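>>> how would this look folded up:
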Amino acid sequence: MKSTIYKISFIATAIPIRLLASVTGQKAIFPFYHLISDDNVAHIKHLYPVRSTKAFEKDLDFFLKNYNPVELDVFFKLAKSGKFPKKNIFLLTFDDGLSQFYDVIAPILQRKGVPAICFLNSAFIDNKDLFFRYKASLLIDKIINKPLSLTQEKEIRKIFVDNSILIRDNTQAILSIDYAKRSLLDDCANILALDFSDYLNTQKPYLSSNQIQELRNKGFEFGAHSIDHPLYSQLDQAEQIRQTKISVNDISESFNIQQRLFSFPFSDVGVKKDFFDTIFDTSHSIADITFGCSGLKKDICNLNIQRIPIEIEQFSAKQIVYGEYWYYILKMLVNKNVLKR
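Reported below is the predicted structural model:
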(Lines give C-alpha, C1' and ligand atoms only; values in the text may rest on other atoms or scores of the structure.)
Protein backbone atom coordinates (compact mmCIF):
# COMPACT_ATOMS: atom_id res chain seq x y z
CA MET A 1 0.00 0.00 0.00
CA LYS A 2 2.80 2.43 0.85
CA SER A 3 4.38 2.04 -2.60
CA THR A 4 1.09 3.08 -4.17
CA ILE A 5 0.92 6.13 -1.93
CA TYR A 6 4.52 7.03 -2.82
CA LYS A 7 3.63 6.81 -6.52
CA ILE A 8 0.67 9.15 -6.26
CA SER A 9 2.12 11.47 -3.61
CA PHE A 10 3.28 13.92 -6.32
CA ILE A 11 -0.38 14.93 -6.71
CA ALA A 12 -0.34 16.56 -3.28
CA THR A 13 3.20 17.94 -3.13
CA ALA A 14 1.84 21.47 -3.57
CA ILE A 15 0.74 21.23 0.07
CA PRO A 16 3.61 22.54 2.25
CA ILE A 17 5.44 20.04 4.43
CA ARG A 18 5.04 22.44 7.35
CA LEU A 19 1.24 22.03 7.09
CA LEU A 20 1.44 18.22 7.00
CA ALA A 21 3.85 18.26 9.95
CA SER A 22 1.48 20.51 11.88
CA VAL A 23 -1.62 18.43 11.11
CA THR A 24 0.07 15.16 12.08
CA GLY A 25 2.18 16.54 14.91
CA GLN A 26 5.19 14.82 13.31
CA LYS A 27 7.72 17.63 13.08
CA ALA A 28 10.73 15.34 13.51
CA ILE A 29 11.67 12.84 10.83
CA PHE A 30 14.48 10.29 10.81
CA PRO A 31 15.44 9.22 7.28
CA PHE A 32 17.95 6.41 6.91
CA TYR A 33 20.15 4.92 4.21
CA HIS A 34 22.85 2.26 3.95
CA LEU A 35 25.20 3.66 1.33
CA ILE A 36 25.54 6.18 -1.46
CA SER A 37 27.60 5.28 -4.51
CA ASP A 38 27.98 5.85 -8.24
CA ASP A 39 29.80 2.53 -8.55
CA ASN A 40 28.54 -0.98 -9.17
CA VAL A 41 28.62 -2.40 -5.62
CA ALA A 42 28.58 -6.18 -5.98
CA HIS A 43 27.73 -6.99 -2.36
CA ILE A 44 24.67 -4.68 -2.46
CA LYS A 45 23.34 -4.64 -6.03
CA HIS A 46 21.18 -7.75 -5.75
CA LEU A 47 19.59 -6.70 -2.44
CA TYR A 48 18.26 -3.15 -2.80
CA PRO A 49 18.69 -0.04 -5.00
CA VAL A 50 21.83 2.00 -4.44
CA ARG A 51 21.35 5.78 -4.28
CA SER A 52 23.62 7.81 -6.58
CA THR A 53 25.44 10.89 -5.29
CA LYS A 54 23.24 13.09 -7.51
CA ALA A 55 20.03 11.56 -6.14
CA PHE A 56 21.38 11.82 -2.58
CA GLU A 57 22.20 15.51 -2.95
CA LYS A 58 18.69 16.09 -4.31
CA ASP A 59 17.31 14.27 -1.23
CA LEU A 60 19.40 16.45 1.05
CA ASP A 61 18.22 19.63 -0.67
CA PHE A 62 14.63 18.53 -0.03
CA PHE A 63 15.34 17.81 3.64
CA LEU A 64 17.18 21.10 4.13
CA LYS A 65 14.40 23.08 2.46
CA ASN A 66 11.75 21.67 4.80
CA TYR A 67 13.58 20.71 8.00
CA ASN A 68 16.42 21.86 10.20
CA PRO A 69 19.25 19.36 10.63
CA VAL A 70 19.69 18.50 14.28
CA GLU A 71 22.80 17.50 16.23
CA LEU A 72 22.67 14.34 18.31
CA ASP A 73 22.94 16.23 21.61
CA VAL A 74 19.85 18.30 20.82
CA PHE A 75 17.90 15.27 19.64
CA PHE A 76 19.04 13.28 22.67
CA LYS A 77 17.58 15.86 25.04
CA LEU A 78 14.32 15.99 23.09
CA ALA A 79 13.97 12.21 23.03
CA LYS A 80 14.77 11.83 26.71
CA SER A 81 12.34 14.58 27.71
CA GLY A 82 9.57 13.39 25.40
CA LYS A 83 9.07 16.97 24.16
CA PHE A 84 8.10 17.77 20.61
CA PRO A 85 10.30 20.18 18.64
CA LYS A 86 8.86 23.60 17.83
CA LYS A 87 10.42 23.57 14.34
CA ASN A 88 10.64 20.81 11.77
CA ILE A 89 13.84 18.83 12.32
CA PHE A 90 15.55 15.83 10.75
CA LEU A 91 18.26 13.48 11.91
CA LEU A 92 19.98 11.43 9.24
CA THR A 93 21.24 7.90 9.97
CA PHE A 94 23.11 5.20 8.06
CA ASP A 95 23.18 1.47 8.83
CA ASP A 96 25.85 -1.23 8.41
CA GLY A 97 29.02 0.91 8.75
CA LEU A 98 29.98 0.70 5.08
CA SER A 99 33.17 2.28 3.73
CA GLN A 100 31.20 4.64 1.48
CA PHE A 101 30.24 6.56 4.60
CA TYR A 102 33.88 7.68 4.78
CA ASP A 103 34.64 7.99 1.07
CA VAL A 104 31.40 9.39 -0.35
CA ILE A 105 28.78 10.33 2.23
CA ALA A 106 30.74 12.25 4.87
CA PRO A 107 32.30 14.74 2.40
CA ILE A 108 28.84 15.56 0.99
CA LEU A 109 27.33 15.95 4.45
CA GLN A 110 30.18 18.17 5.61
CA ARG A 111 29.81 20.39 2.56
CA LYS A 112 26.08 20.80 3.25
CA GLY A 113 26.41 21.07 7.01
CA VAL A 114 24.35 18.00 7.85
CA PRO A 115 25.20 15.86 10.90
CA ALA A 116 24.57 12.11 10.86
CA ILE A 117 24.80 8.90 12.86
CA CYS A 118 26.38 5.76 11.44
CA PHE A 119 25.47 2.40 13.00
CA LEU A 120 28.09 -0.36 13.13
CA ASN A 121 28.00 -4.13 13.41
CA SER A 122 30.76 -4.90 15.89
CA ALA A 123 31.80 -8.14 14.11
CA PHE A 124 32.36 -6.37 10.78
CA ILE A 125 34.50 -3.37 11.76
CA ASP A 126 37.96 -3.49 10.11
CA ASN A 127 36.54 -5.98 7.57
CA LYS A 128 36.82 -8.92 9.94
CA ASP A 129 33.72 -10.66 8.55
CA LEU A 130 30.93 -10.16 6.02
CA PHE A 131 27.16 -9.83 6.54
CA PHE A 132 25.41 -12.98 5.30
CA ARG A 133 23.14 -11.04 2.96
CA TYR A 134 26.16 -9.43 1.32
CA LYS A 135 27.54 -12.92 0.79
CA ALA A 136 24.28 -13.80 -0.95
CA SER A 137 24.60 -10.82 -3.30
CA LEU A 138 28.18 -11.78 -4.16
CA LEU A 139 27.12 -15.36 -4.90
CA ILE A 140 24.37 -14.16 -7.22
CA ASP A 141 26.79 -11.81 -8.96
CA LYS A 142 29.21 -14.70 -9.47
CA ILE A 143 26.50 -16.92 -10.98
CA ILE A 144 25.30 -14.17 -13.31
CA ASN A 145 28.79 -13.36 -14.55
CA LYS A 146 29.86 -16.99 -14.87
CA PRO A 147 27.07 -19.55 -15.34
CA LEU A 148 27.35 -22.70 -13.26
CA SER A 149 28.87 -25.83 -14.70
CA LEU A 150 26.75 -28.96 -14.55
CA THR A 151 28.81 -30.21 -11.61
CA GLN A 152 28.43 -26.94 -9.71
CA GLU A 153 24.70 -26.87 -10.41
CA LYS A 154 24.31 -30.41 -9.08
CA GLU A 155 26.32 -29.69 -5.91
CA ILE A 156 24.50 -26.45 -5.12
CA ARG A 157 21.10 -28.00 -5.73
CA LYS A 158 22.04 -30.78 -3.29
CA ILE A 159 22.81 -28.17 -0.62
CA PHE A 160 19.41 -26.58 -1.18
CA VAL A 161 17.43 -29.83 -1.18
CA ASP A 162 19.28 -31.21 1.85
CA ASN A 163 18.27 -28.08 3.76
CA SER A 164 14.66 -27.98 2.59
CA ILE A 165 15.20 -25.08 0.22
CA LEU A 166 12.99 -26.19 -2.64
CA ILE A 167 13.01 -23.01 -4.75
CA ARG A 168 14.09 -23.90 -8.29
CA ASP A 169 15.59 -20.54 -9.21
CA ASN A 170 19.13 -20.37 -7.82
CA THR A 171 19.02 -16.62 -7.24
CA GLN A 172 15.81 -16.80 -5.23
CA ALA A 173 17.04 -19.86 -3.36
CA ILE A 174 20.20 -18.00 -2.29
CA LEU A 175 18.20 -14.95 -1.24
CA SER A 176 15.91 -17.18 0.86
CA ILE A 177 18.79 -18.31 3.10
CA ASP A 178 18.33 -16.72 6.51
CA TYR A 179 20.59 -16.03 9.47
CA ALA A 180 20.09 -19.49 10.99
CA LYS A 181 21.24 -21.18 7.78
CA ARG A 182 23.88 -18.61 6.82
CA SER A 183 26.71 -21.19 6.79
CA LEU A 184 25.14 -22.57 3.61
CA LEU A 185 26.34 -19.45 1.83
CA ASP A 186 29.92 -20.40 2.69
CA ASP A 187 29.26 -23.91 1.37
CA CYS A 188 28.00 -22.46 -1.91
CA ALA A 189 30.99 -20.13 -2.10
CA ASN A 190 33.36 -23.09 -1.78
CA ILE A 191 31.68 -24.75 -4.75
CA LEU A 192 31.99 -21.58 -6.82
CA ALA A 193 35.56 -20.85 -5.67
CA LEU A 194 34.38 -17.52 -4.30
CA ASP A 195 36.64 -16.26 -1.51
CA PHE A 196 34.82 -13.92 0.87
CA SER A 197 38.03 -13.25 2.82
CA ASP A 198 39.74 -12.11 -0.35
CA TYR A 199 36.81 -9.81 -1.08
CA LEU A 200 37.06 -8.31 2.41
CA ASN A 201 40.81 -7.78 2.01
CA THR A 202 40.71 -6.28 -1.47
CA GLN A 203 37.41 -4.37 -1.56
CA LYS A 204 37.21 -3.41 2.14
CA PRO A 205 33.44 -2.87 2.21
CA TYR A 206 33.40 -1.77 5.86
CA LEU A 207 34.82 1.14 7.79
CA SER A 208 38.11 0.65 9.59
CA SER A 209 38.66 1.69 13.20
CA ASN A 210 40.94 4.49 12.04
CA GLN A 211 38.30 5.81 9.65
CA ILE A 212 35.68 5.70 12.39
CA GLN A 213 37.90 7.67 14.74
CA GLU A 214 38.68 10.21 12.01
CA LEU A 215 34.97 10.63 11.32
CA ARG A 216 34.33 11.01 15.07
CA ASN A 217 36.89 13.80 15.13
CA LYS A 218 34.95 15.52 12.35
CA GLY A 219 31.75 15.45 14.38
CA PHE A 220 29.96 12.36 13.07
CA GLU A 221 28.26 10.10 15.60
CA PHE A 222 28.23 6.31 15.85
CA GLY A 223 26.06 3.64 17.39
CA ALA A 224 25.64 -0.13 17.40
CA HIS A 225 23.72 -2.29 14.94
CA SER A 226 24.06 -5.73 16.63
CA ILE A 227 27.05 -8.07 16.45
CA ASP A 228 26.48 -9.69 13.05
CA HIS A 229 23.13 -8.49 11.71
CA PRO A 230 20.46 -11.12 12.56
CA LEU A 231 16.73 -10.54 12.14
CA TYR A 232 15.63 -9.97 15.74
CA SER A 233 12.18 -11.52 15.29
CA GLN A 234 13.94 -14.83 14.57
CA LEU A 235 15.92 -14.74 17.83
CA ASP A 236 14.80 -15.57 21.33
CA GLN A 237 14.85 -12.67 23.76
CA ALA A 238 18.05 -13.78 25.48
CA GLU A 239 19.91 -13.68 22.17
CA GLN A 240 18.33 -10.34 21.25
CA ILE A 241 19.65 -8.87 24.48
CA ARG A 242 23.07 -10.50 24.05
CA GLN A 243 23.46 -9.12 20.52
CA THR A 244 22.42 -5.67 21.70
CA LYS A 245 24.52 -5.56 24.88
CA ILE A 246 27.74 -6.84 23.34
CA SER A 247 27.55 -4.61 20.27
CA VAL A 248 26.64 -1.47 22.25
CA ASN A 249 29.42 -2.10 24.77
CA ASP A 250 31.99 -2.87 22.06
CA ILE A 251 31.20 0.26 20.06
CA SER A 252 30.96 2.54 23.10
CA GLU A 253 34.20 1.31 24.65
CA SER A 254 36.22 1.10 21.42
CA PHE A 255 35.45 4.67 20.39
CA ASN A 256 34.76 6.33 23.75
CA ILE A 257 31.12 7.09 22.92
CA GLN A 258 28.94 8.41 25.72
CA GLN A 259 25.44 8.09 24.25
CA ARG A 260 24.62 4.41 23.77
CA LEU A 261 22.68 4.26 20.53
CA PHE A 262 21.35 1.16 18.80
CA SER A 263 19.53 0.57 15.52
CA PHE A 264 17.83 -2.74 14.85
CA PRO A 265 19.25 -4.81 11.98
CA PHE A 266 16.58 -5.40 9.32
CA SER A 267 13.64 -4.36 11.52
CA ASP A 268 12.30 -4.13 15.06
CA VAL A 269 8.99 -5.71 14.03
CA GLY A 270 8.18 -8.59 16.38
CA VAL A 271 10.40 -7.33 19.21
CA LYS A 272 8.40 -7.50 22.44
CA LYS A 273 7.94 -4.81 25.08
CA ASP A 274 9.82 -6.99 27.60
CA PHE A 275 12.96 -6.51 25.51
CA PHE A 276 12.68 -2.71 25.74
CA ASP A 277 11.85 -2.86 29.45
CA THR A 278 15.10 -4.78 29.94
CA ILE A 279 17.44 -2.64 27.85
CA PHE A 280 16.00 0.65 29.16
CA ASP A 281 15.87 -0.46 32.82
CA THR A 282 17.39 2.52 34.62
CA SER A 283 19.15 0.31 37.18
CA HIS A 284 21.29 -1.40 34.49
CA SER A 285 20.37 0.06 31.11
CA ILE A 286 21.99 -1.37 27.99
CA ALA A 287 21.08 1.42 25.55
CA ASP A 288 19.90 5.01 25.84
CA ILE A 289 17.93 5.21 22.58
CA THR A 290 17.07 2.66 19.91
CA PHE A 291 15.93 3.06 16.30
CA GLY A 292 13.49 1.02 14.23
CA CYS A 293 12.44 1.49 10.62
CA SER A 294 8.64 1.46 10.38
CA GLY A 295 8.37 4.89 8.79
CA LEU A 296 6.52 7.90 10.17
CA LYS A 297 5.08 6.23 13.24
CA LYS A 298 5.00 6.46 17.00
CA ASP A 299 6.09 3.60 19.24
CA ILE A 300 4.60 2.52 22.54
CA CYS A 301 8.23 2.42 23.71
CA ASN A 302 9.02 6.13 23.63
CA LEU A 303 12.78 5.70 23.43
CA ASN A 304 12.51 3.52 20.31
CA ILE A 305 12.51 5.98 17.42
CA GLN A 306 10.98 4.94 14.11
CA ARG A 307 12.92 5.94 11.00
CA ILE A 308 11.90 6.34 7.36
CA PRO A 309 13.69 4.02 4.89
CA ILE A 310 14.70 5.98 1.79
CA GLU A 311 16.16 3.19 -0.38
CA ILE A 312 12.78 2.10 -1.75
CA GLU A 313 12.64 1.35 -5.47
CA GLN A 314 13.47 4.55 -7.36
CA PHE A 315 11.38 6.90 -5.25
CA SER A 316 12.91 10.23 -4.24
CA ALA A 317 13.05 11.32 -0.61
CA LYS A 318 10.39 13.91 -1.46
CA GLN A 319 7.99 11.23 -2.72
CA ILE A 320 8.65 8.99 0.27
CA VAL A 321 8.29 11.70 2.92
CA TYR A 322 5.09 13.08 1.38
CA GLY A 323 3.81 9.52 1.09
CA GLU A 324 4.63 8.86 4.74
CA TYR A 325 2.65 11.93 5.85
CA TRP A 326 -0.40 10.95 3.78
CA TYR A 327 -0.18 7.37 5.05
CA TYR A 328 0.02 8.73 8.61
CA ILE A 329 -3.09 10.86 8.02
CA LEU A 330 -5.00 7.83 6.70
CA LYS A 331 -3.95 5.86 9.77
CA MET A 332 -5.09 8.74 12.02
CA LEU A 333 -8.64 8.04 10.88
CA VAL A 334 -8.52 4.59 12.49
CA ASN A 335 -6.10 5.43 15.32
CA LYS A 336 -3.37 3.12 13.98
CA ASN A 337 -0.25 5.25 14.23
CA VAL A 338 1.25 3.73 17.38
CA LEU A 339 3.23 0.48 17.27
CA LYS A 340 1.85 -1.90 19.89
CA ARG A 341 4.11 -4.55 21.41
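
>>> surely residue 62 meets residue 321?
Yes: with contacts counted by CB atoms under 8 Å, residue 62 reaches residue 321, the gap being 7.4 Å. In this view, the C-beta of every residue, glycine as well, is placed from N, C-alpha and C.

>>> residues making contact with stretch 34-54?
The contact list for stretch 34-54, computed with CB atoms under 8 Å, 6 or more residues apart in numbering, reads 33, 56, 59, 94-96, 98, 100-101, 104-105, 108, 130, 133-138, 140-141, 171, 175, 199, 203, 205, 310-314.

>>> go on, stretch 23-30?
For stretch 23-30, the surrounding residues in contact (CB under 8 Å, 6+ apart) are 21, 67, 70, 75, 78, 84-93, 291, 296, 305-308, 321, 324-325, 328-329, 332.

>>> Of these, which belong to strands?
Counted as lying in strands by DSSP state E, out of the contacts of stretch 23-30, are 89-90, 92-93, 291, 305-306, 308.

>>> Same list, those, but as JSON lines with pLDDT, neighbour count and distance to residue 260 please.
Shown next, in JSON lines, are the ones in strands among the contacts of stretch 23-30 (pLDDT from 0 to 100; neighbours: other CB atoms under 10 Å; distance: CB to CB, whole Å):
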{"residue": "89", "pLDDT": "97", "neighbour count": "21", "distance to residue 260": "22"}
{"residue": "90", "pLDDT": "97", "neighbour count": "22", "distance to residue 260": "22"}
{"residue": "92", "pLDDT": "98", "neighbour count": "23", "distance to residue 260": "19"}
{"residue": "93", "pLDDT": "98", "neighbour count": "20", "distance to residue 260": "15"}
{"residue": "291", "pLDDT": "98", "neighbour count": "24", "distance to residue 260": "12"}
{"residue": "305", "pLDDT": "96", "neighbour count": "22", "distance to residue 260": "14"}
{"residue": "306", "pLDDT": "97", "neighbour count": "17", "distance to residue 260": "19"}
{"residue": "308", "pLDDT": "98", "neighbour count": "20", "distance to residue 260": "23"}
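
>>> Nearest to residue 210, out of those: which one, please.
Minimum distance to residue 210 across these is 21.9 Å, recorded for residue 93 (CB to CB).

>>> residue boundaries of the strands in the stretch 1-150 of the chain?
Assigned by DSSP state E, counting those that start in this stretch, the strands in the stretch 1-150 of the chain fall at 28-29, 31-33, 68-69, 89-90, 92-94, 116-120.

>>> Out of the ones you listed, which is closest to residue 6?
strand 31-33 (13.7 Å).

>>> State the mean pLDDT of that closest one.
For strand 31-33, the mean per-residue pLDDT is 98.

>>> Can you list the helices and strands that that strand packs against?
Other elements packing on strand 31-33 under the criterion 3 or more CB pairs under 8 Å, 6 or more residues apart in numbering; DSSP states H and E are helix 53-66, strand 92-94, strand 308-309.

>>> go with 6 Å
strand 92-94 (3 or more CB pairs under 6 Å, 6 or more residues apart in numbering; DSSP states H and E).

>>> Sheet partners, orientation included, of the strand it packs on?
Partner strands and pairing direction for strand 92-94 (DSSP bridges) are strand 31-33 (parallel), strand 116-120 (parallel).

>>> Tell me where the model's unsure across the stretch 101-250 of the chain.
Within the stretch 101-250 of the chain, the set of residues satisfying pLDDT under 70 is empty.

>>> residue ranges of the helices in it, please?
In the stretch 101-250 of the chain, the helices defined using DSSP state H, counting those that start in this stretch lie at 106-112, 132-145, 150-162, 170-175, 183-192, 196-203, 209-217, 237-254.
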